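Colleague: Sequence and predicted structure are below.
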Amino acid sequence: MTRKEQILRMIQKLPENVSYDRVIYHLTVMDKVERAEEQIERGEGIDHDDLVAQLEEEECRESESSGPPKRKRTSKASAATSHETRPARRPRSKTGS
């Protein structure tokens, strides 16, 4: 099946009132899956058990060397300033998805 056929098949499965954002989301997922499959075919993947072991080793080393995580402190003045300078959030659309 060609990529175009796969995309059209995916779009056919979506509801009639689908949003552009939802279509783009699904296209992005399809792209990432395809790229991951290509990496695996090239032997660039990592075995799940090996990854878990690596993550556990890193976590163990970090906890031994750094102790508890440190929080960044900000003054009340800087927190108020950063809040005032942040752009307002756009309301989310209630249609689609």
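Modeller: Right, received. Where do you want to start? Residues are numbered from 1 along each chain as shown.
Colleague: just the helices in the protein please.
Modeller: 3-13, 20-41, 48-66, 76-85 (DSSP state H).
Colleague: could I get the ones you listed as a markdown table with mean neighbour count?
Modeller: Just so you know, the C-beta spots here come from the backbone N, C-alpha and C atoms, and that holds for glycine as well. Output for the helices of the chain, formatted as a markdown table (neighbours: other CB atoms under 10 Å):
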| stretch | mean neighbour count |
| --- | --- |
| helix 3-13 | 10 |
| helix 20-41 | 12 |
| helix 48-66 | 10 |
| helix 76-85 | 9 |
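Colleague: rank the ones you listed by mean pLDDT and give me the bottom one.
Modeller: Mean pLDDT is lowest for helix 76-85 among the helices of the chain, at a mean of 50.
Colleague: Let's see the distance spanning stretch 39-54 from one end to the other.
Modeller: With CA to CA, to the nearest Å as the measure, the ends of stretch 39-54 fall 20 Å from one another.
Colleague: which residues are contacting that stretch?
Modeller: With contact meaning CB atoms under 8 Å, 6 or more residues apart in numbering, stretch 39-54 is reached by Ala36.
Colleague: May I have the predicted confidence score for Ile46?
Modeller: For Ile46, the pLDDT comes out at 87.
Colleague: Revised request: answer the last question for Pro68.
Modeller: 61.
Colleague: mind checking the end-to-end distance for stretch 37-52?
Modeller: By CA to CA, the extent of stretch 37-52 from end to end equals 20 Å.
Colleague: ok, now stretch 15-25?
Modeller: End-to-end distance of stretch 15-25 (CA to CA): 14 Å.
Colleague: Same check on stretch 12-31?
Modeller: Stretch 12-31: ends 17 Å apart by CA to CA.
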